[in-house]
Every structure is written in structure tokens, then in C-alpha cells.
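Undergrad: Quick one: sequence plus predicted model below, questions after.
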Amino acid sequence: MDIPRIFNITESAHRIHNPFTPEKFATLGEALRLEPETRVLDLGSGSGEMLCTWARDYGISGTGIDMSQLFSEQAKLRAEQLGVADRVEFIHGDAAGYVADEKVGVAACVGATWIGGGVAGTIELLAKSLRTGGIILIGEPYWLRLPPSEEVAKGCGAGSISDFLMLPDLIASFGDLDYDVVEMVLANQDGWDRYEAAKWLTMRRWLEENPHDDFAKEVRAKLTSEPKRYAAHTREYLGWGVFAVMGR
Ligand SMILES: C[S@@+](CC[C@H](N)C(=O)[O-])C[C@H]1O[C@@H](n2cnc3c(N)ncnc32)[C@H](O)[C@@H]1O
């Protein structure tokens, strides 16, 4: 079981697999006023940076589940590196339908809401692991500006314009699900650049090391097209943020 290989190649050097920087995760942890020993569940935990740094900085304990074998291994190594391997565990697996044995104070899905079939389904799934009064975190893209055409939306990596909402509508959608938005931390263009541009050097290095790999043609094509695609589309039209919500 694994995610498509292209992500394991292009994001192999990433610690954070979304447009957040380490500072943004620290801001979010502080904003949530995390108490030591708070249990955190993270569906689609990537390379584990959120759980590992929050364990180090705020004394939380946590479980992350991710379908990428590489990212899950990197998460375990990061936990050891930060001296928090006794506080956080990482499971390599499909997080769809995952419910924690013990209820948690924070249940998160930061940039992988397809796991629950969209934002509403993911909130419903996370709520099953949440203790009364707990906080759900959803990391999700939104339109900074509405794309002028479906073609531009596709250039942003969306299936269509309707895949994402404008920020006020995304915020209102949590209310429609009977949740209060109690905090949010939004990415900025520097964070987007770190997430997207960091893939380019990784791809270049991978190509130099694997010129005869079956995948080399695909990676070559991506490296050739990605910088312009990103600058013209994603960077201009797409925002991203983490929203903290509590049931009413
Ligand atoms: C955009 S990344 C976000 C990763 C992480 N939350 C972070 O902030 O660095 C999405 C993650 O979801 C993982 N993923 C995709 N489908 C999954 C599934 N069905 N179950 C668990 N993880 C999944 C990917 O491997 C990837 O690490």
C-alpha cells in the first residue's frame, strides 16, 4: 500500500507536505493553547512534523497515520531526532475510516480531506475520535481569487472550480455543519514557494541520480513544466489554511 510514486519522489526531501512553514505550525500550536499530555490524532500525517514539533514544544502525545511508506519512515526518524519517540507513534496505513481507540483532544486532517470524502465527511470521521469539548483541525485549500475559467482551475491542480470555495464561503461552510470556527492560521506565498519550489530541486537531483529509471521521462516533463504552471496558476489563485473548529 502506498501513494502514487510521483509524490514519494517530488516530496522526498519535504518535512512539511503543504504550504505551511515550521513557523506556521508553531503559531498554530500556540494558538490552540495546547496543554501538555493532550492527545492528538493526525490523519494523513506525512513526515510527522506537526506531531513531532508539538510533542517537543508543547508536550502533547499523538498518533499519525499515513499511506506513504517513505513519509511514515521519515516521521519515525524525525521523532527519534527530536527525542519524542516515546510520545508519538506513526502508523503506515490507509486513514480512511480510522477511529482512535482512546478519544483525543485534537483530531486533525491537515491537507488530505479526500480521506473522508471531503471536508464534511472528514469532520464526521474525526469527530468519532474526539473527546467532548475537543478541537478538530482541517487543512484545506480555498480560492484567493475565483479562477476565470475551468482551465485555470485545472492549472491549479483542482478538478474544477467547484472543488474549492472562497475563504468566507469555506468558513461559512463549517457553520453550516454546526461547527464554530475557533481559530485559523493561513499560509502565505512564501509558504507556497517552500512547498512547491522545493520539489524542483528534488526532481532535478533525482533525475541526475536515476537517469534510466522508468519514471525519468515523467519526472523530466514535470520539472520542465512545473515552475511556470505554479507561478501562473497556484501561486496566483490558491490559498491554504488550517481551520480549528468545535461542534456547537
Ligand atoms: C498534502 S500531504 C499533507 C501531509 C501532512 N499533513 C503535512 O502537513 O505535512 C497529504 C498526505 O496524505 C497522505 N495520504 C494520502 N492518502 C491517504 C490515505 N488514504 N490515508 C492516509 N494518508 C494518506 C499522503 O501520503 C500525504 O502524506
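TA: The structure has been received and is ready for your questions.
Undergrad: Look at the residue lying farthest from the centre of the chain and tell me its secondary structure.
TA: Summary for the chain: using C-alpha atoms, centre = their mean, the residue whose C-alpha lies farthest from the chain's mean C-alpha position is H212, with a distance of 31.6 Å. Classification of H212 using DSSP: H, G, I helix; E, B strand; the rest coil returns coil.
Undergrad: residues contacting it?
TA: For H212, the set of contacting residues under the criterion of C-beta atoms under 8 Å, 6 or more residues apart in numbering is empty. C-beta here means a position set from N, CA and C on the backbone, and glycine is covered the same way.
Undergrad: by contact count, what packs against the longest strand along the chain?
TA: Ranked by number of residues, the top strand in the chain under DSSP state E is strand 130-143. In this structure, strand 130-143 makes packing contacts with strand 104-110, helix 119-127, helix 167-176, strand 238-247, judged by 3 or more C-beta pairs under 8 Å, 6 or more residues apart in numbering; DSSP states H and E.
Undergrad: Name the nearest residue to L170, sequence neighbours excluded.
TA: Taking C-beta to C-beta, 6 or more residues apart in numbering as the measure, L170 lies nearest to Y142, with 4.6 Å between them; neighbours along the chain are not counted.
Undergrad: ok, that neighbour - contacts?
TA: By C-beta under 8 Å, 6+ apart, the contact set of Y142 is 164-167, 169-170, 238-241.
Undergrad: Show me which of those are buried.
TA: By neighbour count, with 16 or more other C-beta atoms under 10 Å, the contacts of Y142 hold 164-165, 167, 170, 238-241 as buried.
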